[in-house]
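Novice: next one to model:
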Amino acid sequence: MSNVNSILRRVPVWLIYLIGALPAPWLFYLGMTGGLGVEPIKALEHELGELALQLLILGLAVTPLRRFAGLNLMKFRRAIGVLTFSYVALHLLVWLVLDVQILSQIWADILKRPYITIGMTGFALLLPLAVTSNNWSVRKLGPRWRSLHKLVYPAAVLGGLHYVMLAKGFQLEPLVYLAIILGLLALRLPLPRRKLAA
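Specialist: Numbers count the residues shown, from 1 in each chain. Next up is the predicted model:
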């Protein structure tokens, strides 16, 4: 694993941003050219939301991967977080601007549809994390920065629930995403200390 980590240390962070950003314009291109099926807006919403959830899971996996597998991705965690928020924001914008479009209907949906309420709550939790994902905020907030960024944990659970509730009928994939999120969060719990033998 040390060889892998030495290679990763030479990978520039900007490359992660570039690779992570590539799916967005490609998906919009497919949507405009008929590559996303008969309901391109719904498909675009789904694909952007799923990418956001995958990136969120990757971000949650950084610490357990270092702790249990020795794989160090800490250098890229902020980039993963920024990309996650970007895809969540795009997912939301497609719903607001291309799908619903009517302001009163948007507010009514947020209030009346639980899966939208949960999704919007998760987005609201991610907002302060996106705003403070910079070196100035880390210096200014000090130890509070780390506490603030723990909001990603409930936001991830809400994102997983949003996907499960959005699915029509029993679908395994959303449940797998939610299970992975819960599993990664469980790995962060402190291990019980073994009692010393008398």
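Novice: return the set of buried residues in stretch 171-182.
Specialist: The neighbour-count check on stretch 171-182 (16 or more other C-beta atoms under 10 Å) flags 174, 177, 178, 180, 181 as buried. Every C-beta, even on glycine, is put in place using the N, C-alpha and C of the backbone.
Novice: just send those residues back as JSON lines, with distance to residue 63, pLDDT and secondary structure too.
Specialist: Output for the buried residues of stretch 171-182, formatted as JSON lines (distance: C-beta to C-beta, whole Å; pLDDT from 0 to 100; DSSP: H, G, I helix; E, B strand; the rest coil):
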{"residue": "174", "distance to residue 63": "24", "pLDDT": "93", "secondary structure": "helix"}
{"residue": "177", "distance to residue 63": "19", "pLDDT": "95", "secondary structure": "helix"}
{"residue": "178", "distance to residue 63": "19", "pLDDT": "95", "secondary structure": "helix"}
{"residue": "180", "distance to residue 63": "14", "pLDDT": "96", "secondary structure": "helix"}
{"residue": "181", "distance to residue 63": "14", "pLDDT": "96", "secondary structure": "helix"}
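Novice: spatially central residue for the chain, please.
Specialist: With distances taken as C-alpha atoms, centre = their mean, the residue of the chain nearest its centroid is residue 56 (2.6 Å).
Novice: the helix or strand that residue falls within: how far from the chain's middle?
Specialist: Assigned by DSSP states H and E, residue 56 belongs to helix 40-64. Taking C-alpha atoms, centre = their mean, to the nearest Å, one finds helix 40-64 lying 5 Å from the centre of the chain it belongs to.
Novice: could you pull out the helices for this protein?
Specialist: Taking DSSP state H as the test, the helices found in the chain are 2-9, 13-21, 23-32, 40-64, 77-93, 103-112, 114-131, 135-141, 143-148, 152-166, 172-186.
Novice: return the distance of the helix or strand of the chain with the lowest mean pLDDT from the chain's centre.
Specialist: Least confident helix or strand, the chain: helix 103-112 with a mean of 82, by mean pLDDT, DSSP states H and E. Distance, stretch centre to chain centre, for helix 103-112: 24 Å (C-alpha atoms, centre = their mean).
Novice: again with stretch 31-51
Specialist: Worked out by C-alpha atoms, centre = their mean, stretch 31-51 lies 19 Å from the chain centre.
Novice: also stretch 67-82?
Specialist: With C-alpha atoms, centre = their mean as the basis, stretch 67-82 stands 14 Å off its chain's centre.
Novice: give me the contacts around that stretch.
Specialist: Residues from elsewhere that reach stretch 67-82, judged by C-beta atoms under 8 Å, 6 or more residues apart in numbering: 1-2, 4-5, 8-9, 11, 13, 16-17, 20, 55, 58-59, 62, 65-66, 129-130, 133, 152, 187.
Novice: any of these buried? List them.
Specialist: Buried residues within those, defined by neighbour count using 16+ other C-beta under 10 Å: 16-17, 20, 55, 58-59, 62, 65-66, 129-130, 133, 152.
Novice: make JSON lines out of these and add pLDDT and distance to residue 101.
Specialist: Output for the buried ones among the contacts of stretch 67-82, formatted as JSON lines (pLDDT from 0 to 100; distance: C-beta to C-beta, whole Å):
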{"residue": "16", "pLDDT": "95", "distance to residue 101": "34"}
{"residue": "17", "pLDDT": "95", "distance to residue 101": "31"}
{"residue": "20", "pLDDT": "95", "distance to residue 101": "28"}
{"residue": "55", "pLDDT": "96", "distance to residue 101": "27"}
{"residue": "58", "pLDDT": "96", "distance to residue 101": "32"}
{"residue": "59", "pLDDT": "95", "distance to residue 101": "31"}
{"residue": "62", "pLDDT": "94", "distance to residue 101": "37"}
{"residue": "65", "pLDDT": "91", "distance to residue 101": "41"}
{"residue": "66", "pLDDT": "91", "distance to residue 101": "44"}
{"residue": "129", "pLDDT": "93", "distance to residue 101": "28"}
{"residue": "130", "pLDDT": "93", "distance to residue 101": "25"}
{"residue": "133", "pLDDT": "89", "distance to residue 101": "30"}
{"residue": "152", "pLDDT": "94", "distance to residue 101": "30"}
